[in-house]
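Undergrad: got a predicted model here, sequence first, then my questions.
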Amino acid sequence: MKIRHLFLLCLIAISATLSANGKTVIPITTDDISLIYKVDDKNGRLYQSYLGQKLSFDSDIVQLPLGNEAYLTHGMEDYFEPAIRVLHNDGNPSLLLKYISHENKQLQPGVDETVILLKDDKYPVEVKLHFIAYPKENIIKEYAEISHQEKKPVTLYNYASSLLHLNGSKYFLTEFAGDWAHEVNMKETELAFGKKILDTKLGSRANMFCSPFFLLALDRKAEENAGDVLFGTIGWTGNYRFTFEVDNENGLRVLSGINPYASEYSLKPNEVFRTPEFIFTYSTEGKGKASRDFQRWARKYQLKDGEKSRMTLLNNWEATYFDFNEDKLVNIMDEAVALGVDMFLLDDGWFANKYPRSSDHQGLGDWEETVTKLPNGIGKLVKEATDRGIKFGLWIEPEMVNPKSELYEKHKDWVIHLPNRDEYYFRNQMVLDLTNPKVQDYVYGVVDNLMTKYPGIAYFKWDCNSPITNIYSPYLKDQQSHLYIEYVRGLYNVLERIKQKYPNLPMMLCSGGGGRCDYEALKYFTEFWPSDNTDAVERIFIQWGYSYFFPAKSMAAHVTSWGKQPVKFRTDVASMCKLGFDIRIHEMSQTDQQYCKEAVANFKRLDDVILDGDQYRLQSPYESQHAAVMYANDNADKAVLFAFDIHPRYAESIQPLRLQGLKEDARYELKEINLVPGTQSRLACNGKTFSGEFLMNVGIPVFSSRPTNSHVIEITEVK
Ligand code: DGJ
């Protein structure tokens, strides 16, 4: 067995190393893309020769020009932004990296790794560039390991995860920025000479303004089904930076990594500084394919329990805010049962006694049940849920503290704060110092104690409402520039311990809405909360934005009273992702209650298509007053279409909607579902059968001039 593995390994190594006129060629390939490096035999340095559609012929690859130096350093002849900047023991600030060797191996079936070793020829500093390729999903991850054997620590000022070079006639960057309750607004701009930076220095609630992903179209603006586009994201739950720099020859370099702002890193001899992973794909068929590749990869390899099912739920946050007691919660559980969802999720406001959590001004950090509110504790609630045949989930925010809390009174040294200044509060709270191992134990203990006491808890919603403010770690003392990095490492230590002890515990990642949504965190979380804004019209845009990188399964979407659209519209929007409710069901009309019940049943019946299928964005809300998204399963014998009229204009010309992802020669029956009880479908196509060819080329009329109107259509192959 071992010999077979060895043989396989060698085979991969040989097939991935070509030689052209004495130049070593290192191709990193997937089914559809190639990233090709070459070593210049004259100077021994590493160059990126190519990134784009897969090149299949070695005879072509060897003819590619050398390209641009791969992992550019500070201090030599390059004039633009470097990937790495190091200050040596003797005060020399330069680095010159030469290729030493590379190796390829299979990490697991379907996952290949190439590691390229580079070393400085004057100083004992080395950089290992790791590339992990997922051939079938066309995803490549890149990260660097930096180490040295100088006598004393060297200082790292820049330490990118990745530097990619692109050559196009034009570059169009789409960023996803916003703020609380209006996350991921897509904006596309053409890049010109110079730099454009997307970054954050918010620390914990890192993505509050700017999401850690981008897409970059070459030559022309990004299109859904055509054109070259690079999709990139960083797996780092903290400060990140993407730098896009167009140089004097119109070349573009894209540098991705931790934001080095206020974070120079003192690297000890033999310590390995491992950067986070930059994860990317390149599509020559536009954005839709790139998204489907990302979504498929995430479900299979990155998202926690990405291939397992998800629970529908009823949450009490918007239904009660802090105003609840045991009876009220038990009543809401009854509503959850009537609705047919799998779980009741208790949100903020259940804890603290000296300073009960009756508002967001106090109590954070004191994780015991408020006796006056919940005299029988969480145990009673778990039992009430279990007796009703549903699961029980619980909200926590374990990285934070209100100054008005017993935790703060006892352990001010555990709080990130400046010792000699007044404190500044974001949402009346502060961030615990996760660089401190004792604080890590405490944060881990919040989950562990609850799980030990109440093993019936089936789910956590893990919130994080404040960025890091008052930026000083009492633990790090004279190494304050490590704070942002060590905070994230501390968080991962905690999450890893939780995952080890409770491998099957699903958790939602939440950060005052979508303030955290990166793929390293999502190794530990089954889903995330995209936004506190649950207005259904806004949610169409928000879910649309996140869909470029994340599968529907990873996005929690709740029906609430925030928007005043019809309940059907709100529920249909939420049914495009992981469906939940956060509303008093008994306050709805009988018809709406009945509608919601049927919608939950339909969602559960079709969740393998919606949550695990391929997603096709058919009609953009950014380009029209309508939106449509469809999901098709692997065999394309079942699909679900969601179509929305948002605010149609008077007398606008309404065109049929062309579907995607079906089999041209198969016949499909269309059935409108999620109909309001007592109403009939208004769609002419309802109940009819069409070929895939017809549906994808002629299309079906699903849009109307009625505002906030929606249709859900189940599409089934007739065999
Ligand atoms: C912010 C979250 O985004 C909300 O869903 C809710 O859990 C509140 N925090 C509770 O304080």
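TA: Here it is on my side, so go on.
Undergrad: report pLDDT for residue 3.
TA: Each residue has a pLDDT score; the one for residue 3 is 41.
Undergrad: what about the strands in the stretch 351-500 of the chain?
TA: With DSSP state E, counting those that start in this stretch, the ranges of strands along the stretch 351-500 of the chain come out as 391-396, 400-401, 430-431, 457-462.
Undergrad: what's the domain layout of the protein?
TA: As assigned by the TED database, the chain contains the domains 25-302, 313-612, 615-718.
Undergrad: output the ones you listed in TSV; the columns should cover mean neighbour count.
TA: For every residue, glycine as well, the C-beta is placed using N, CA and C. TSV is the format used below for the domains of the chain (neighbours: other C-beta atoms under 10 Å):
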stretch	mean neighbour count
domain 25-302	19
domain 313-612	20
domain 615-718	17
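Undergrad: show me where the stretch 51-200 of the chain has helices.
TA: Secondary structure of the stretch 51-200 of the chain (DSSP state H, counting those that start in this stretch): helices at 58-61.
Undergrad: nearest to the ligand within it, name that residue for me.
TA: Closest contact between the stretch 51-200 of the chain and the ligand, by C-beta to the nearest ligand atom, is at residue 180 (8.7 Å).
Undergrad: so that residue makes contact with residue 513?
TA: Yes. Look at residue 180 against residue 513 with C-beta atoms under 8 Å: they come within range, at 5.8 Å.
Undergrad: quick one: low-confidence parts of the chain?
TA: Scanning the chain for pLDDT under 70 picks out 1-22.
Undergrad: show me what from it comes close to the ligand.
TA: Contact residues (C-beta under 6 Å from any ligand atom) of the chain with the ligand: 317, 347-348, 360, 395, 463, 465, 510, 512-513, 529, 532.
Undergrad: returning to what we had before: which stretch among the strands of the stretch 351-500 of the chain comes nearest residue 222?
TA: Closest approach to residue 222 among the strands of the stretch 351-500 of the chain is made by strand 457-462 (33.2 Å; C-beta to C-beta).
Undergrad: quick one: the closest one to strand 391-396, angle?
TA: On the basis of axes from the mean of the first three to the mean of the last three C-alpha atoms, to 10 degrees, strand 457-462 is oriented at 30 degrees to strand 391-396.
Undergrad: note down every partner strand of strand 457-462 and its orientation.
TA: Paired neighbours of strand 457-462 in the sheet (DSSP bridges): strand 391-396 (parallel), strand 507-509 (parallel).
Undergrad: okay if I get those as JSON lines plus distance to residue 103?
TA: Output for the strands paired with strand 457-462, formatted as JSON lines (distance: least, C-beta to C-beta, whole Å):
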{"stretch": "strand 391-396", "distance to residue 103": "43"}
{"stretch": "strand 507-509", "distance to residue 103": "35"}
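Undergrad: which one of the ones you listed lies nearest to residue 250?
TA: The nearest among the strands paired with strand 457-462, by C-beta to C-beta, is strand 507-509 at 39.3 Å.
Undergrad: check the offset of the closest one from the chain's centre.
TA: 12 Å (C-alpha atoms, centre = their mean, to the nearest Å).
Undergrad: returning to what we had before: quick one: common contacting residues for residue 180 and residue 513?
TA: By C-beta atoms under 8 Å, 6 or more residues apart in numbering, residue 180 and residue 513 have these common neighbours: residue 532.
Undergrad: how far away is the residue in the chain that the ligand sits nearest to from residue 70?
TA: Per C-beta to the nearest ligand atom, residue 348 is where the chain lies closest to the ligand, at 3.5 Å. Separation of residue 348 from residue 70 (C-beta to C-beta, to the nearest Å) stands at 48 Å.
Undergrad: residue 246 too?
TA: In this view, residue 246 and residue 70 are 19 Å apart by C-beta to C-beta.
Undergrad: shouldn't residue 472 be in contact with residue 413?
TA: No. Residue 472 is beyond contact range of residue 413, at 11.6 Å (criterion: C-beta under 8 Å).
Undergrad: helix or strand next in line after the helix with the most length in the chain, which one?
TA: Secondary structure of the chain per DSSP state H: the longest helix is helix 590-612. Going down the chain from helix 590-612, the next helix or strand is strand 614-619, by DSSP states H and E.
Undergrad: just checking, what packs against that following strand?
TA: Secondary-structure packing of strand 614-619 (3 or more C-beta pairs under 8 Å, 6 or more residues apart in numbering; DSSP states H and E): helix 286-297, strand 626-632.
Undergrad: so for residue 250, which of the ones you listed sits nearest?
TA: Of all those, it is helix 286-297 that lies closest to residue 250, at 22.7 Å by C-beta to C-beta.
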